[in-house]
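1. Output the structure for:
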Amino acid sequence: MTQHDPAPHDATGQDPARTTVYVRGRRTPTLAFWVVLALVAPAVVALIAAPLLGVGGAGGILAFAFIAVLSIGVPLAALAALVDLILERRRRR
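-> Okay, here's the model as predicted:
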């Protein structure tokens, strides 16, 4: 390639070396962050607490963590979704 050759382009005619950066305007966490946190936090706490409560075996510990996610994490995720819904409606008004 000589200095007079144009830069290579892909099929769309765009320069593949260009990078687009998307920036969020607000610094508040998204709903997905709160839902994942609501599901992961009880699982981690259950994995730590299971041996202390005398739950034996890997299957028992995983079952304990799964029950914690279902009984604590899912309602917390639903609450996070409800709060986000209410806040989003207030912002639009």
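
2. got the residue ranges for the helices in the protein?
-> Per DSSP state H, the chain carries helices over the ranges 31-52, 58-68, 74-92.

3. Put together TSV for those, with distance to Thr19, mean neighbour count and mean pLDDT on each row.
-> No exception for glycine: its C-beta is placed from N, CA and C like everyone else's. Below are the helices of the chain laid out as TSV (distance: least, Cβ to Cβ, whole Å; neighbours: other Cβ atoms under 10 Å; pLDDT from 0 to 100):
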stretch	distance to Thr19	mean neighbour count	mean pLDDT
helix 31-52	24	15	95
helix 58-68	40	15	95
helix 74-92	31	12	92
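
4. Go through those and name the closest to Tyr22.
-> Nearest to Tyr22 among the helices of the chain is helix 31-52; the distance by Cβ to Cβ comes to 15.5 Å.

5. Okay, angle between the closest one and helix 58-68 too, please.
-> 140 degrees (axes from the mean of the first three to the mean of the last three Cα atoms, to 10 degrees).

6. For helix 31-52, what is the distance to the chain centroid?
-> Its chain's C-alpha centre and that of helix 31-52 lie 13 Å apart, by Cα atoms, centre = their mean, to the nearest Å.
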